[in-house]
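**Q** Any chance you could fold what I've pasted below:
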Amino acid sequence: MTGAVTVHRGRWSLQDRLDAMLRELPFEVPPGTAAVTVELSYDRGQGVLDLGCLGAAGFRGWSGGARDTYTVAADWATPGYLPGELEPGTWQVLLRLHRVPPAGLAYEVRVTASAARPAPPAPAGEPAPVRRPAARVRRDIPGTGGLRWYAGDFHAHTVHSDGALTVPELAHRAAGHGLDFLAVTDHNTVSHHPELPAVGARQGITLLPGQEVTRDDGHANVFGDVGWVDFRRPADSWYAHARDRGGVMSVNHPLGGDCAWRLPLGERPRHAEVWHSGWFDRRWGAPLSWAQAWRPDVIAIGGSDFHRDGSDAEPGSPTTWLLAADDSPAALLAALAAGRTAVSAGAEAPLLLRTDDRLLALDADGLVLVRPDGSRQVVHGDRTTLPAGSGPYRLESYENEVIALCQ
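**A** Residues are numbered from 1 along each chain as shown. Reported below is the predicted structural model:
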């Protein structure tokens, strides 16, 4: 591709990373530019550099460490980036120094601003819609007060960040696991949002707009069509952005290895991904202990954090249940905000739900009900109702393995 070329090259040091992890490398977009292509070169065996883009008028995309090149044009863009007219002026390549070794990391960034309109890549095919029975009817889960329970997953990724599947492929996979809804939460971008309504309608599943706001010291999901959340700003601004625009923010995998939550917050959100696919041994009580210490009225949700086959877990592992008026994004987000949630290991796994002032335990014969005050009793029968007060309840195995959560 011919056009105006800007090149940035050098060597990042470990001290550079400590001084300022996120760097902005400027380039000019002349009037009449039809496309911008950015190419990053470095030794991936030595470190990790993340890529993004700011236009003269604001955010144009993020792909993190998933890509070494991207194109932004008027009518199409690389997944993770926003198509649209290329406003003249100074743009920035966002470069995050995610991993830089003590010996340093040489790099080159080449930006081509072209007046020629590039051809878009060939569109990927979409799987045929899943033909499945209504799993919720099959289990005969009663609603309450004109509301019904819907099964879903609040954490999954596509090619718009570091996932392997397209949005249609991910929707097909989630529908095949019996889910009614799925939040698509690509990292630091909203480029996937325009695809969600039509794809969800074709695949028979509600796709909730989401974004995983991602930094080295903490990840949070923001749910709702609330616009791009600026991950460069303090975490309190993420929460305010979501709240002020009618969205919901949850703290993700707070004990999740090198991406555990370590960010300060002046106001702690109620929602937290207490059950993440990384909770491999659910006899380990740390996620529950963290939730109790975080705030007494935590609304627990679950997320598979699906990226690709063989990574994390399949969509719906775990499954989050919402008691909602219908399966529209607005109704599901309202149920989430209100805390009408439950979490199970999967869509067909043992389940604990609230129905009015009672608990319903499904397929839970022989499991142990743990009350908010810590008292316990054995559940008898595969469909058992029990009295309920306020606070969180859970089901455990005789080995103290968490089987289901209920607000």
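**Q** So, low pLDDT: which residues of the stretch 1-150 of the chain?
**A** The stretch 1-150 of the chain contains residues with pLDDT under 70 at 1-2, 132-138.
**Q** Which helix or strand contains Glu39?
**A** The secondary structure element spanning Glu39 is strand 35-42 (assigned by DSSP states H and E).
**Q** Relative to that strand, what are the paired strands and their orientations?
**A** When sheet partners are counted by DSSP bridges, strand 35-42 sits next to strand 69-73 (antiparallel), strand 105-114 (antiparallel).
**Q** Report the beta-bridge partner residues of Ala77.
**A** With DSSP bridges as the criterion, Ala77 is bridged to Val72.
**Q** Could you pull up the contacting residues of the residue nearest to Thr144 when sequence neighbours are not counted?
**A** On the basis of CB to CB, 6 or more residues apart in numbering, the spatially nearest residue to Thr144 that is not a chain neighbour turns out to be Thr355, at 4.9 Å. No exception for glycine: its C-beta is placed from N, CA and C like everyone else's. Shown here is Thr355, whose contacts under the criterion CB atoms under 8 Å, 6 or more residues apart in numbering are 142, 144, 385.
**Q** from these, which is closest to Ala124?
**A** Ala124 lies nearest to Pro142 out of the contacts of Thr355, by CB to CB, at 40.3 Å.
**Q** ok, and the closest non-adjacent residue to that closest one?
**A** When the adjacent residues along the chain are set aside, Pro142 lies closest to Thr355, with 6.0 Å between them (CB to CB, 6+ apart).
**Q** Give me the subset of the contacts of Thr355 that lies in strands.
**A** Thr385 (DSSP state E).
**Q** In TSV, list the contacts of Thr355 along with distance to Asp373.
**A** Formatted as TSV, the entries for the contacts of Thr355 read as follows, by distance: CB to CB, whole Å:
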residue	distance to Asp373
Pro142	27
Thr144	24
Thr385	20
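**Q** Touching the strand holding Glu39 from outside, list them.
**A** In this structure, residues lying in contact with strand 35-42 by CB under 8 Å, 6+ apart are 1, 27, 29, 49, 51, 53, 68-74, 86, 91, 93, 95, 105-114, 116-118.
**Q** same thing but 6 Å
**A** 1, 49, 51, 68-73, 93, 105, 107-114, 118 (CB atoms under 6 Å, 6 or more residues apart in numbering).
**Q** what does stretch 368-378 give?
**A** Under the criterion CB under 6 Å, 6+ apart, residues 379, 391-392, 394, 396 lie in contact with stretch 368-378.
**Q** rerun that using 10 Å as the cut-off
**A** Stretch 368-378 has contacts (CB atoms under 10 Å, 6 or more residues apart in numbering) with 288, 296, 352, 359, 361, 364-367, 379, 384, 386-406.
**Q** Please enumerate the helices of the protein.
**A** In chain order, the chain shows helices spanning 14-19, 135-139, 167-176, 196-203, 235-244, 286-294, 329-338, with DSSP state H as the criterion.
**Q** Indicate which one of these is closest to Pro254.
**A** Within the helices of the chain, the stretch nearest Pro254 is helix 286-294; the backing value is 5.5 Å (CB to CB).
**Q** Asp16 and Arg44, how far apart?
**A** Look at Asp16 and Arg44: by CB to CB, to the nearest Å, they are 18 Å apart.
**Q** Out of these two, name the residue with the larger neighbour count.
**A** Comparing Asp16 with Arg44 by other CB atoms under 10 Å, the one with more neighbours is Asp16, at 16 against 12.
**Q** ok, back up a step: pull out the buried residues from the strand holding Glu39.
**A** Burial within strand 35-42, assessed by neighbour count using 16 or more other CB atoms under 10 Å, is assigned to 35-38, 40, 42.
**Q** closest to Gln211 among those residues?
**A** Closest approach to Gln211 among the buried residues of strand 35-42 (CB to CB): Val38, at 21.1 Å.
**Q** ok, and the closest non-adjacent residue to the residue nearest in space to the middle of the chain?
**A** The C-alpha lying nearest the average C-alpha coordinate of the chain belongs to Thr185 (CA atoms, centre = their mean; 3.0 Å). Leaving out its chain neighbours, the residue that sits closest to Thr185 by CB to CB, 6+ apart is Gly210, at 3.9 Å.
**Q** who are the neighbours in contact with that neighbour?
**A** Residues touching Gly210, when contacts are defined by CB under 10 Å, 6+ apart, comprise 154-156, 182-186, 190, 192-193, 196, 221-226, 247-248, 250, 303.
**Q** which ones among these are found in strands?
**A** In strands, judged by DSSP E, the following of the contacts of Gly210 are found: 182-186, 221-223, 248, 250, 303.
**Q** Tell me how far the residue nearest to Thr185 lies from Ala220.
**A** Look at Gly210 and Ala220: by CB to CB, they are 10 Å apart.
**Q** Overlap in contacts, those two.
**A** Shared between the contact lists of Gly210 and Ala220 (criterion: CB under 10 Å, 6+ apart) are residues 185, 250.
**Q** related to what we said a few turns ago, figure out which of the strands paired with strand 35-42 is closest to Arg233.
**A** Of all the strands paired with strand 35-42, strand 69-73 sits nearest to Arg233, with 22.7 Å by CB to CB.
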